[in-house]
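A.B. asks: compute the structure for the input listed below.
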Amino acid sequence: MSAIANLAPAGSDPSVRRTDLASLHPVMREAIDRLLEAFQSEDLPFRVFEAYRSPVRQEWLYQQGRTRPGTIVTYAQAWTSYHQYGLAADFVLWINNTWSWNTLGVNAARWDRLHALGKTVGLEPLRFETPHLQVAGLKIGDLHAGKFPDDGDDSWRDNLEAAIIPWTGQPAAPPITSLRPALPAENA
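C.D. replies: Got it, this is the predicted structure:
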């Protein structure tokens with residue numbers, strides 16, 4: 001059994017990507033909603049390819065091309081990608097009912113437009129990973145230290161806590177003490 005399988009919660013499969021937006025931070029969900037509207041109005045064939053990514057999946061992807069067969073697809077280990085914090089998503093062209101990472105010809109302008117539109121809704125691209133957009137202005141070190149953006153909702157917090165609590169891999173998970181707002185003191 002692989003080390004990844006030992007880290008995965010029961011029933012999870014690290015080969016399965018998630019496209020639902022419910023586990024993302026509300027600021028990311030709102031940005032994606034605005035992007036999807038812009039894609040439709042500009043007839044851009046982008047779709048969300050992957051939204052939230054568990055640390056187990058991130059480590060599984062990181063091992064591809066290293067300890068698992070295949071080509072390298074990421075340079076980020078678990079907890080070093082905004083995906084684990086619900087603050088990133090990957091967008092890929094959906095052309096003729098198939099995913100396309102083609103960046104040539106007319107598609108070059110489409111990818112440029114994806115990045116430009118992302119910036120208008122508070123997201124930033126990575127120069128080395130074309131499909132990736134993440135919440136701008138954050139630092140991965142701060143996220144890993146447990147300094148999360150304000151206004152996270154229960155859906156986002158519950159998902160992040162569910163990833164942090166069982167994690168026993170390396171690097172260590174971020175602390176969760178600051179995820180939930182303090183309960184009001186009871187009057188005696």
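A.B. asks: count of neighbours near the closest residue to D20 other than its chain neighbours?
C.D. replies: Nearest non-adjacent residue to D20, counting by C-beta to C-beta, 6 or more residues apart in numbering: A51, 6.5 Å away. Every residue, glycine included, has its C-beta placed from N, CA and C. Residues within reach of A51, counting by other C-beta atoms under 10 Å, total 22.
A.B. asks: A51 contacts A89, correct?
C.D. replies: Yes. A51 lies in contact with A89 (C-beta atoms under 8 Å); the separation is 4.7 Å.
A.B. asks: among the helices and strands of the protein, which has the poorest mean pLDDT?
C.D. replies: Of all helical and strand segments in the chain, the minimum by mean pLDDT, DSSP states H and E falls on helix 3-7, at a mean of 42.
A.B. asks: please enumerate the shared neighbours of A51 and A89.
C.D. replies: Counting by C-beta atoms under 8 Å, 6 or more residues apart in numbering, the residues touching both A51 and A89 are 24, 32, 83.
A.B. asks: out of these, who's nearest G169?
C.D. replies: H83 (15.5 Å; C-beta to C-beta).
A.B. asks: got the buried residues for stretch 40-49?
C.D. replies: Neighbour-count burial for stretch 40-49, counted by 16 or more other C-beta atoms under 10 Å, picks out 44, 46, 48-49.
A.B. asks: same check on stretch 160-169?
C.D. replies: In stretch 160-169, counting by 16+ other C-beta under 10 Å, buried: 160, 163-164, 166-167, 169.
A.B. asks: what about the nearest residue to G70 once chain neighbours are set aside, neighbour count?
C.D. replies: Once flanking residues are discounted, G70 sits nearest to Q64: 4.4 Å by C-beta to C-beta, 6+ apart. A count of nearby residues for Q64, using other C-beta under 10 Å, gives 14.
A.B. asks: and what of P171?
C.D. replies: Neighbours of P171 (other C-beta under 10 Å): 12.
A.B. asks: separation between it and L44?
C.D. replies: 36 Å (C-beta to C-beta, to the nearest Å).
A.B. asks: can you check T120 too?
C.D. replies: Taken as C-beta to C-beta, the span from T120 to L44 is 13 Å.
A.B. asks: please apply the same query to A145.
C.D. replies: Relative to L44, and taking C-beta to C-beta, A145 is found at 36 Å.
A.B. asks: one more: D158?
C.D. replies: Distance from D158 to L44, by C-beta to C-beta: 32 Å.
A.B. asks: also G65?
C.D. replies: Applying C-beta to C-beta to G65 and L44 gives a distance of 30 Å.
A.B. asks: just the helices in the protein please.
C.D. replies: 3-7, 26-42, 55-63, 106-120, 140-144, 154-164 (DSSP state H).
A.B. asks: could you dump those helices to CSV with distance to W94?
C.D. replies: Compiled in CSV, these are given as follows (distance: least, C-beta to C-beta, whole Å):
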stretch, distance to W94
helix 3-7, 29
helix 26-42, 10
helix 55-63, 21
helix 106-120, 11
helix 140-144, 29
helix 154-164, 25
